[in-house]
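Asks: dropping the sequence and predicted coords here.
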Amino acid sequence: MSAAMPLLEFLEYLQFNQGLSTNTVAAYRTDLQKFRDWLLESRQPWETLSSESLQDFVLQLMAKRKASSNARMLSSIKRFYQWANQQYPIENNPVQQLKAPKAERKIPKVLSEVQIEALLEAPDLTTALGIRDRAILELMYASGLRVSEVVGLPFEQLNLSAGVVQVTGKGAKERIVPIGEVASEWLQRYLQGARSELVGKKRASTLFVSRLGRPMTRQTLWHRVRKLAESVGIFNKLSPHGLRHAFATHLINHGADLRSVQLLLGHSDLSTTQIYTHVAKQRLQSLHQQHHPRG
């Protein structure tokens, strides 16, 4: 009789041994639960699964889902079998002959510098929440931090005297990111009064807190940013990574080299950063068509 697929054990390995974030582990869980369900339905033992059977599963996926979703699923399965091959005596590794489908490279929609300025001016600075929101927006645009990195940023990892922030990104990788004078000034203003007003007598280890003085969630931060964007007429272009996309694209538009932007964003692969060169090229083409007499 086939042994149960050791999914929980693998997920614990990813979280505690590999240092992956809760959201990344959740993505692995979602993918591998679907894979496990297919194994049960087709009565295929995970430890003796053939490459041909796995190929059938992949073909079924490709007919129903986007290439990017399929690529992620295959990546999850491959990583599981790499781990399982070291933990359990399995007859063969069925993923060795598989090739992941090419993921569609989507070019992100990026806010213009005028839109960014409007968004930065949107918070109500007569309230503690407004000052907090302005500090968040300025930090995100100045540093390109991910939403998860902002809400999880420990208080002590901000160094205003040096004008930098120490960030723990994906895979527990650390990087030092400059934040610039303007963001530093707004963070100082937030720390001088607004944060204490929000925290009250509670203790909070994170830099940014909710109206109840607790650490913010990704959902709360995104909801605030989206509402502020809508208040200045920005509806369709903003994603949770909107300020991160704008940070990278505007840097390249103003002459920053790709390798520097890669380091600031915390990308492990330069090809991930190269998407922003396509955005910058589109902007240049648009400007040429709009303003050149023979555009």
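Replies: Good, I have the coordinates.
Asks: so how many other residues sit close to the nearest residue to Val151 once chain neighbours are set aside?
Replies: Excluding the flanking residues, the one nearest Val151 by C-beta to C-beta, 6 or more residues apart in numbering is Met216, at 4.6 Å. No exception for glycine: its C-beta is placed from N, CA and C like everyone else's. Counted with other C-beta atoms under 10 Å, residues neighbouring Met216 total 24.
Asks: now do Ser231
Replies: Ser231: 13 surrounding residues under other C-beta under 10 Å.
Asks: next one: the one 3 residues further on
Replies: Other residues within reach of Ile234, judged by other C-beta under 10 Å, total 20.
Asks: what does Leu258 give?
Replies: By the criterion of other C-beta under 10 Å, Leu258 has 16 neighbours.
Asks: quick check, it in contact with Ile252.
Replies: Yes - counting by C-beta atoms under 8 Å, Leu258 does reach Ile252; the two are 7.2 Å apart.
Asks: low-confidence regions, this protein specifically.
Replies: 1-3, 62-68, 99-108, 237, 268-295 (pLDDT under 70).
Asks: that one: strands as residue ranges?
Replies: 158-159, 164-168, 174-178 (DSSP state E).
Asks: in JSON lines, list those along with mean neighbour count and distance to Asp133.
Replies: Shown next, in JSON lines, are the strands of the chain (neighbours: other C-beta atoms under 10 Å; distance: least, C-beta to C-beta, whole Å):
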{"stretch": "strand 158-159", "mean neighbour count": "15", "distance to Asp133": "17"}
{"stretch": "strand 164-168", "mean neighbour count": "19", "distance to Asp133": "18"}
{"stretch": "strand 174-178", "mean neighbour count": "14", "distance to Asp133": "20"}
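Asks: ok, which of the ones you listed comes nearest Ile90?
Replies: For these, distance to Ile90 was read as C-beta to C-beta. The smallest value, 34.1 Å, belongs to strand 164-168.
Asks: so what strands line up beside that closest one?
Replies: Strands that pair with strand 164-168, judged by DSSP bridges, come out as strand 158-159 (antiparallel), strand 174-178 (antiparallel).
Asks: what's in contact with the shortest one?
Replies: For strand 158-159, contacts defined as C-beta atoms under 8 Å, 6 or more residues apart in numbering pick out 165-166, 187, 207.
Asks: for those, which two are the farthest from each other?
Replies: Every pair of these checked by C-beta to C-beta; the farthest is Gln166 and Leu187, at 14.0 Å.
Asks: and the nearest residue to Ser148 once chain neighbours are set aside, how close does it get to Val110?
Replies: Spatially, and ignoring its direct neighbours in sequence, Ser148 is nearest to Arg218 (5.7 Å; C-beta to C-beta, 6+ apart). The spacing between Arg218 and Val110, counted by C-beta to C-beta, to the nearest Å, is 21 Å.
Asks: who's more crowded, these two?
Replies: Legend: neighbour count by other C-beta under 10 Å for Arg218 and Val110, higher for Val110 (24 against 15).
Asks: so that one sits against His245, correct?
Replies: Yes - using C-beta under 8 Å, Val110 makes contact with His245 at a distance of 4.9 Å.
Asks: report how many residues lie close to Arg259.
Replies: Neighbour count of Arg259, defined by other C-beta under 10 Å: 10.
Asks: ok, the residue nearest to Ser148 - contacts?
Replies: Here Arg218 is in contact with 23, 147-148, 151, 240 (C-beta under 8 Å, 6+ apart).
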